[in-house]
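Engineer: After the sequence you'll find the predicted model.
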There are 2 protein chains.
Amino acid sequence: MKLKEFAREIGLSPTTVSRALSGYPEVSAATRQRVSAEAVRLGYRPNINAVRLATGRAGAIGLVMNQAGEFQLTEFLRGMTEQLVRDEMDILVTPVVEDGTEAEVNAYRRVAEAGKVDAMIILAPQPNDPRIPLLQGLGMPFLVHGRSEGSAPHAWLDIDNEGAIFRATSHLIDLGHTRIGMINGRKGMTFSLHRDIGYRRALEERGLTFDPRFVAHGNFTDEVGFTFARDMLEQGLRPTAFVAGSMMTALGIYRAARALDLVVGRDMSVIAHDDVFPYLTADNMVPSLSTTRSSMRAAGGRIATLLLQIIAGRPAEEIHELWPVELILRESTQPVPGG
Amino acid sequence: MKLKEFAREIGLSPTTVSRALSGYPEVSAATRQRVSAEAVRLGYRPNINAVRLATGRAGAIGLVMNQAGEFQLTEFLRGMTEQLVRDEMDILVTPVVEDGTEAEVNAYRRVAEAGKVDAMIILAPQPNDPRIPLLQGLGMPFLVHGRSEGSAPHAWLDIDNEGAIFRATSHLIDLGHTRIGMINGRKGMTFSLHRDIGYRRALEERGLTFDPRFVAHGNFTDEVGFTFARDMLEQGLRPTAFVAGSMMTALGIYRAARALDLVVGRDMSVIAHDDVFPYLTADNMVPSLSTTRSSMRAAGGRIATLLLQIIAGRPAEEIHELWPVELILRESTQPVPGG
DNA sequence: AAATAATTTGAAATCGCTTTGAAGACGTGG
DNA sequence: CCACGTCTTCAAAGCGATTTCAAATTATTT
């Protein structure tokens, strides 16, 4: 059923029908009511592509999924979709085919230039992230989940990674730990850098010396957690506590402990960052895991809302949201043994 | 830059340019070469919405994300996107706002009727799934990941859940286990039903009696695994082995064992279904986890390919792919203690 | 009742591309 | 050299909505 047929069917002009359905003020309440009712009855729905061509809006937000595409993405997506469904906005998922920064930048360029989306979201930013000047140059609105130092001013929403890890590390120091392993995220990412800073600042403020052998970087996988934790634990003077970048990393650390016959919560402490998943909860771990917590789902939702505002004309440069992170202490962080 | 300007710029008609870029045979190789080169040089890209309006194609595949949206979704999405990027096809992700079958069916209807997609994918089907007659009625091509008994013939790709769990259970019986716990997926889902059947068939063929107290259903979360496993292990005659529906479930079971001072691989055995994740690998668990393995990513990729074929005209009813499942034995399955 | 203002409605142009049907350019055999 | 078939190219008509500008209707004022 097309607009023309539908309009003829109910005895109005296409113009009036279009206005009635799009909520323009020029149409009387009575007419609007009637048109809406008839649309439902006859099953008329505007062809989305015609609408988009006519309005110039794409009706979608672009998300590029890189090869490393983390497990948190599902939660993030859910948060976004929950917000966007109200505004009839879609999410367009595009992959990066091969690895590498250049391939990723090209993926953004493709999506942006083809006009498939009204705005994009930049995930896992780095300092001087090349995607930022790219999108700014193309005039494509965007929002960064995280932020990028050294780049031109841009809209971002980030969690307080530095503060979170600073508090987590300080907490461990309070418990008497002096050798604290840090298994962080991928090197170069802003969030990893900020966490490193939080970690070092905590050490410095308490007069502890930084030992590079106790710091590792890698993907948020159980394997990375396991391997690095085991390596560190097999050193002469091993860490008595760990700060982990993700729940998966923490799982790996737990297993490394067990493999070496160490008991978490007795022989060593662990604290991890938790993005909040329905399928893996820190509370249920044994021992329950102390965490720095911030909901990935909530971030996705808020970012979607902010993007809609940017599309509607809100100046992007003024949007900077820094979310605080909860520190939740559970059984996995205990005083240093024999301390 | 629009088609008209671009065509004028390089001294050709819009028709020729359009044909050259879309690979029609009416245009000479030399011209095509030149047009492509100029398009790159001048940065011309057809407006996607105009193309879609003109061709009637939506250029996207629809995926509806329900509230339960499992953690495997990321891998599935990656598999799909990897295939689709070649064909300039996008994935449109839509959420189900509130829970319930009706809300889910409505989400499918909205997407299908708005003409936003050329085909859809049905996830986590049930017997007599209402989404199947809906999409068939609307003439929207689709493919079911899994399958739906009792429904009209439809295109599907499924893994051999029954066979996998049959073999897994039989393997445990071979090792001398007679009380085998089964922590399955959500009740009512086809895959859960098939796994239940595989489990019961293995018991029956070996003359073991089915005990309903040893079977549980729930989401693929560590909490479900932990709670049910602990409950079963606290019974008088407890299971000596478990079949788990997912890696997360297995994590929960491992933890339940430790909470009760039981050692997996010595006091009890565990085997789980593994969808293959980069961030959580059965090999790295301690003890390493025996699994029935089938790649979610590969399934997503194959499904995308099949959907493109269906869109291109291949009859959907003839598409039935049943993928075998690997059985991979590791340390977590051992002979029954004292057996 | 006429004049004016306010409210509704509609005809037609527009969005940027694809594609049909027709014409121009080119080479070849008679 | 002409006629004819083969390649290329093009003008113009859609695709299905939105939106501008003008006209028609209704309400209000004088």
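Structural biologist: Done, it's in. Residues are numbered from 1 along each chain as shown, chains lettered A, B, ... in the order given.

Engineer: all helices of the stretch 1-150 of chain A, in order?
Structural biologist: Secondary structure of the stretch 1-150 of chain A (DSSP state H, counting those that start in this stretch): helices located at A:3-9, A:14-22, A:29-42, A:48-55, A:73-84, A:101-113, A:131-138.

Engineer: Need the winner for burial among those helices.
Structural biologist: helix A:73-84 (a mean of 23; mean count of other CB atoms under 10 Å in any protein chain shown). No exception for glycine: its C-beta is placed from N, CA and C like everyone else's.

Engineer: so where is the stretch 51-200 of chain A shaky, pLDDT-wise?
Structural biologist: By pLDDT under 70, the low-scoring segments of the stretch 51-200 of chain A are A:67-69.

Engineer: and it, which residues reach chain B?
Structural biologist: Residues of the stretch 51-200 of chain A lying close to chain B by CB under 8 Å from any CB of the partner chain are A:52-53, A:58, A:60, A:65, A:69-71, A:73-74, A:77-78, A:81-82, A:84-85, A:90-95, A:97, A:113-116.

Engineer: before we move on, back to that, nearest to residue B:209, out of the helices of the stretch 1-150 of chain A?
Structural biologist: Nearest to residue B:209, of all the helices of the stretch 1-150 of chain A, is helix A:73-84, at 39.6 Å by CB to CB.

Engineer: Right, and DNA strand D sits closest to which residue of chain A?
Structural biologist: In chain A, no residue comes nearer to DNA strand D than residue A:18, which is 2.8 Å away by CB to the nearest atom of the strand.

Engineer: From what I see, that residue and residue A:4 are in contact.
Structural biologist: No: in this structure, residue A:18 is not within contact of residue A:4 by CB atoms under 8 Å, at 10.7 Å.

Engineer: where does the stretch 201-339 of chain A have low pLDDT?
Structural biologist: Using pLDDT under 70, the flagged stretches of the stretch 201-339 of chain A are A:339.

Engineer: can you list the residues of it near chain B?
Structural biologist: Contact residues, the stretch 201-339 of chain A versus chain B (CB under 8 Å from any CB): A:219-223, A:226, A:248, A:251-252, A:255, A:258-259, A:277-281, A:284-286.

Engineer: rerun at 7 Å
Structural biologist: The stretch 201-339 of chain A comes close to chain B at residues A:220-223, A:226, A:248, A:255, A:258-259, A:277-281, A:284-286, as judged by CB under 7 Å from any CB of the partner chain.

Engineer: Drop anything exposed from those.
Structural biologist: For these, a neighbour count by 16 or more other CB atoms under 10 Å in any protein chain shown gives the buried set as A:220-223, A:226, A:248, A:255, A:258, A:277-281, A:284-286.

Engineer: Show me which pair in those is furthest apart.
Structural biologist: A:258 and A:278 (25.4 Å).

Engineer: want to throw the helices of the stretch 1-150 of chain A into a markdown table with distance to residue B:184?
Structural biologist: What follows is the helices of the stretch 1-150 of chain A, written out as a markdown table (distance: least, CB to CB, whole Å):
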| stretch | distance to residue B:184 |
| --- | --- |
| helix A:3-9 | 48 |
| helix A:14-22 | 46 |
| helix A:29-42 | 41 |
| helix A:48-55 | 40 |
| helix A:73-84 | 21 |
| helix A:101-113 | 39 |
| helix A:131-138 | 43 |
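
Engineer: what's the closest of those to residue A:159?
Structural biologist: Per CB to CB, nearest to residue A:159 of these: helix A:73-84, 12.4 Å.

Engineer: who does the closest one touch, helix- and strand-wise?
Structural biologist: Identification of packing neighbours for helix A:73-84 by 3 or more CB pairs under 7 Å, 6 or more residues apart in numbering or on different chains; DSSP states H and E yields strand A:90-95, helix A:296-311, strand B:60-65, helix B:73-84, strand B:90-95.

Engineer: List the pairing partners of the helix or strand following the second one within its sheet, with orientation.
Structural biologist: Going down the chain from helix A:296-311, the next helix or strand is strand A:320-323, by DSSP states H and E. In the sheet containing strand A:320-323, the strands it pairs with under DSSP bridges are strand A:156-159 (parallel).

Engineer: What residues of stretch A:209-225 count as buried?
Structural biologist: So, applying 16+ other CB under 10 Å, buried residues of stretch A:209-225: A:211, A:214-225.

Engineer: Residue A:105 is in contact with residue A:130, correct?
Structural biologist: Yes: the pair residue A:130 / residue A:105 is scored as a contact, 5.2 Å apart, by CB atoms under 7 Å.

Engineer: domains of chain A?
Structural biologist: The record's domain parsing of chain A by automatic domain parsing lists A:55-159+A:297-323, A:161-293.

Engineer: distance between the ends of the last one?
Structural biologist: Distances were taken as CA to CA, to the nearest Å; on that basis the terminal residues of domain A:161-293 are 10 Å apart.

Engineer: Repeat that for stretch A:309-316.
Structural biologist: Distance between the two ends of stretch A:309-316: 9 Å, counting by CA to CA.

Engineer: Skipping its backbone neighbours, what lies nearest residue A:136 in space?
Structural biologist: Spatial nearest neighbour of residue A:136, chain neighbours left out: residue A:152 (6.3 Å); criterion: CB to CB, 6 or more residues apart in numbering or on different chains.

Engineer: one step back: if you look at the buried residues of stretch A:209-225, which of them are in strands?
Structural biologist: Taking DSSP state E as the definition of strands, these contribute A:215-217.

Engineer: now those residues as CSV including distance to residue B:162?
Structural biologist: Shown next, in CSV, are these (distance: CB to CB, whole Å):
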residue, distance to residue B:162
A:215, 48
A:216, 43
A:217, 43
